[in-house]
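1. after the sequence you'll find the predicted model.
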Amino acid sequence: MRKLASVRKIHEIAPIVGADAIELAKVDGWQVVVKKDEYQVNDLVIYLEIDSWVPNELAPFLSKDKEPKEFEGVKGERLRTIKLRGCLSQGLILPIINGMIEGDDVTDFLNIKKWDRPLPAQLVGQPKGLFPEFLRKTDQERAQNLQSEIAIEHHLGSLFEVTIKLDGSSITVYHKDGEVGVCSRNLELKINEENQGNAFIKTATNTRLLSALKALGKNIAVQGELMGEGIQGNREKLSEHNIFVFDIFDIDEQRYLSPDERLEVYGTLSNYGFLGNHCPLLEIRVPLISADINDLLSYAEGKSLSHHIREGLVYKRMDGKFSFKTISNKFLLGEK
């Protein structure tokens, strides 16, 4: 599970030009605007990542004297990327509570939720149950949380696949022991007559992914972005719903396939009639351009399929055992 709130150390305090009351505190690869002189270098603090849903009682100032919003039964606010005095600020820093030590995951203790966009009606569908335990949810770690690991990979000259991250809705379609299933990010959906209008079920059927998985017969799960009209504003202006594959999970071995293995299985599924796409491949078998997180974030900026601002990039080591994502700050600042 993602550590939305954790105890970390401030490694740098930097001034903001023209600002007397605020300054920048840097925690790992993140920077946050804080009150001047509130924190010092080497202070242990609670750091809350962007997309955290923060309860109102923990940080009432986030609501700015307005009635707090509600998400999953918790009144509060979502942390998002903002600019203050021209400086990027991502997340929230709070004082630690007695007894906390560096590295502690305090997400549950503080009742922090992961904020997700509400699903539009065409995606909701009839649930069969929760997301299956024999699968893994799709959520790459952000580069800002992996500074040391990325520096090592850069030093070693490890080779990576780099793909463009698309802004859709996560879909997982699996075959296990003769049975097939379709899942949204958090639920498995019923494959029945009443659910045929659901975009997840309909697209898995229309792209022939269900039939291709049955024909292949292996216990695997195909994971990708469901894209098209009515999904995240259809930024790529697609005329019909489609699936863009970014991962394939081996259910029996409980591991993700390497990029080469995934591309091979994707090709086989296509031979069996699968009409979906692979996510856009930017580069393959290349070393990291830099160990500096800011350089990697700058490289995340660029075009998507048809939009001038892409969501970001995903890096996967060629053995499939290490991966991370870089999200475009232009994309984050432009989010509705």
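-> Received the coordinates, thanks. Values in this document were obtained by computation on a predicted structure and should not be read as measured data. Numbering: from 1, shown residues only.
2. please enumerate the helices of the chain.
-> 121-124, 147-156, 199-206, 209-216, 259-271, 293-300, 329-334 (DSSP state H).
3. can you put these in JSON lines and add mean pLDDT?
-> Converted to JSON lines, the helices of the chain look like this (pLDDT from 0 to 100):
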{"stretch": "helix 121-124", "mean pLDDT": "73"}
{"stretch": "helix 147-156", "mean pLDDT": "97"}
{"stretch": "helix 199-206", "mean pLDDT": "96"}
{"stretch": "helix 209-216", "mean pLDDT": "98"}
{"stretch": "helix 259-271", "mean pLDDT": "98"}
{"stretch": "helix 293-300", "mean pLDDT": "97"}
{"stretch": "helix 329-334", "mean pLDDT": "93"}
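4. list the contacts for Glu23?
-> Contacts for Glu23 (CB atoms under 8 Å, 6 or more residues apart in numbering) come out as Ile13, Ala14, Pro15, Ile16, Val33, Val34, Lys35, Lys36, Asp37. (Glycine included, C-beta is placed from N, CA and C.)
5. who does the nearest residue to the third one once chain neighbours are set aside bridge with?
-> Going back to what we said before, that points to Pro15. Once flanking residues are discounted, Pro15 sits nearest to Glu23: 5.5 Å by CB to CB, 6 or more residues apart in numbering. For Glu23, the beta-bridge partners under DSSP bridges are Pro15, Val34.
6. picking up where we left off before, which of the contacts of Glu23 are buried? Put it as a ChimeraX command.
-> Entered in ChimeraX, the line below selects the buried ones among those, by 16 or more other CB atoms under 10 Å:
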select :13,16,33,34
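7. among the contacts of Glu23, which one sits closest to Ile171?
-> For the contacts of Glu23, the minimum distance to Ile171 (CB to CB) is 36.5 Å, reached by Val33.
8. tell me the domain boundaries of this protein?
-> Following the assignment in automatic domain parsing, the chain carries domains at 5-114, 121-334.
9. hey, which of those is tucked in deepest?
-> Comparing the domains of the chain by mean neighbour count (mean count of other CB atoms under 10 Å), domain 121-334 ranks first with a mean of 18.
10. tell me how far that one is from the chain's mean position?
-> How far domain 121-334 lies from its chain's middle: 10 Å, per CA atoms, centre = their mean, to the nearest Å.
11. what's the answer for stretch 48-68, then?
-> In terms of CA atoms, centre = their mean, the centre of stretch 48-68 is found 21 Å from the chain centre.
12. can I get the CA coordinates of it in CSV?
-> Extracted as CSV, the C-alpha positions of stretch 48-68 are listed here (Å, rounded to 0.1, in the frame of the first residue of the first chain):
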residue,chain,number,x,y,z
LEU,A,48,1.6,13.9,3.5
GLU,A,49,1.8,13.3,-0.3
ILE,A,50,-0.4,14.9,-2.9
ASP,A,51,-3.7,13.0,-3.5
SER,A,52,-4.0,12.4,0.2
TRP,A,53,-7.5,13.1,1.6
VAL,A,54,-6.8,14.9,4.8
PRO,A,55,-9.4,14.9,7.6
ASN,A,56,-10.6,18.4,8.6
GLU,A,57,-9.7,18.0,12.2
LEU,A,58,-6.0,17.3,11.3
ALA,A,59,-5.6,20.4,9.1
PRO,A,60,-8.7,22.6,9.2
PHE,A,61,-6.8,25.5,7.5
LEU,A,62,-7.0,23.5,4.2
SER,A,63,-10.7,24.3,3.9
LYS,A,64,-9.9,28.1,4.1
ASP,A,65,-12.9,28.9,6.3
LYS,A,66,-15.3,27.1,3.9
GLU,A,67,-17.4,24.0,4.7
PRO,A,68,-15.1,21.0,4.2
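13. the residue nearest the centre of the chain and Arg185, how far apart?
-> Geometric centre of the chain, nearest residue: Asp139, 4.6 Å, by CA atoms, centre = their mean. To Arg185, Asp139 is 9 Å away according to CB to CB, to the nearest Å.
14. would you mind measuring from the nearest residue to Leu263 once chain neighbours are set aside to Gly228?
-> Once flanking residues are discounted, Leu263 sits nearest to His278: 7.2 Å by CB to CB, 6+ apart. His278 is 16 Å from Gly228, where distance means CB to CB.
15. list the residues that contact Asp260.
-> Asp260 touches Met318, counting by CB under 8 Å, 6+ apart.
16. where's the residue nearest to the centre of the chain relative to Ser239, distance?
-> Where Ser239 is concerned, Asp139 sits at a distance of 29 Å (CB to CB).
17. for the stretch 151-300 of the chain, what spans make up the strands?
-> Assigned by DSSP state E, counting those that start in this stretch, the strands in the stretch 151-300 of the chain fall at 159-165, 169-176, 179-183, 187-189, 220-227, 242-250, 255-256, 277-278, 281-287.
18. flag the shaky bits of the stretch 51-200 of the chain, pLDDT-wise.
-> 121-122 (pLDDT under 70).
19. who are the contact partners of Leu257?
-> Ile220, Asp247, Ile248, Phe249, Asp250, Val265, Gly320 are the contacts of Leu257 under CB under 8 Å, 6+ apart.
20. correct me, but the second one touches Tyr256?
-> So that's Asp247. Yes: using CB atoms under 8 Å, Asp247 makes contact with Tyr256 at a distance of 5.7 Å.
21. who touches both of these two?
-> Arg262.
22. who does Ile10 bridge with?
-> With DSSP bridges as the rule, Ile10 is bridged to Val27.
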